[in-house]
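Visitor: coords below, sequence missing:
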Ligand SMILES: [Fe+2]
């Protein structure tokens, strides 16, 4: 019965789908490389679609609740403020806030923010899956969790390969990702 509250965290929470889409679609404008801006546009648009999925799940979980069920599930405080309308907030009741994401105007800083954001979203879905057992909720959550992993990999690949003009002469380090010192002249080099 608490699924309604848990789902709010991915609706308007700090690592939710609204924050994800706003993050990428804000960062894209100052991203200096078209290929990276394209990845941000692509993933940011997909996150908007995920936001719609979360909205639909919240709505389907709440639309037929009785007053007794609302009280039992702990949804009563939300109900007093919003009835059963959708409003972006975290599971703990904190309203959606643009301070939950960053748009810094630096290619490396923004991509690192994006990779961290995807892992935070994946962890949040892990937490939901530990608490929710209804397969009709868990199946789309598992899909969304898998997409966060794909996004993390795409941002990592973007950082590694789209910016390959910054690779040192010896090529990609055997450990995988480049160290920050290897991007030291990022604004002086065009790709
Ligand atoms: Fe994502």
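Guide: All right, it came through fine. Only a predicted model underlies this, so the values are computations on that prediction, with no experimental measurement involved.

Visitor: from this protein, which residue is nearest to the ion?
Guide: Per CB to the ion, residue 151 is where the chain lies closest to the ion, at 3.7 Å. In this view, the C-beta of every residue, glycine as well, is placed from N, C-alpha and C.

Visitor: Any figure for the gap between that residue and residue 5?
Guide: Going from residue 151 to residue 5 by CB to CB, to the nearest Å gives 25 Å.

Visitor: Which of these two has more residues huddled nearby?
Guide: Each of residue 151 and residue 5 has its neighbours counted (other CB atoms under 10 Å); residue 151 has more, 25 against 21.

Visitor: so what's that one up against?
Guide: Neighbour list for residue 151: 43, 46, 114, 118 [criterion: CB atoms under 8 Å, 6 or more residues apart in numbering].

Visitor: Quickly check: the worst-scoring helix or strand of the chain on mean pLDDT near the ion or not.
Guide: Here the helix or strand of the chain ranked lowest by mean pLDDT, DSSP states H and E is helix 3-12, holding a mean of 80. No. Judged by CB under 5 Å from the ion, helix 3-12 and the ion are separated, with a smallest distance of 10.6 Å.

Visitor: neighbours around residue 32, how many?
Guide: Residues near residue 32, counting by other CB under 10 Å, number 13.

Visitor: Over to the one 5 residues further on?
Guide: Per other CB under 10 Å, the neighbour tally for residue 37 reads 17.

Visitor: Looks like it contacts residue 25 (just checking).
Guide: No. Contact criterion CB atoms under 8 Å: residue 37 and residue 25 do not qualify, at 10.4 Å.

Visitor: So residue 59 is in contact with residue 86, correct?
Guide: Yes. Using CB under 8 Å, residue 59 is in contact with residue 86, at 6.3 Å.

Visitor: about what we covered before: any chance of the contacts of residue 151 in CSV, with neighbour count and secondary structure too?
Guide: Converted to CSV, those look like this (neighbours: other CB atoms under 10 Å; DSSP: H, G, I helix; E, B strand; the rest coil):
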residue, neighbour count, secondary structure
43, 23, helix
46, 17, helix
114, 26, helix
118, 24, helix
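
Visitor: Within reach of the ion, which of these are there?
Guide: Okay, of the contacts of residue 151, nothing touches the ion (CB under 5 Å from the ion).
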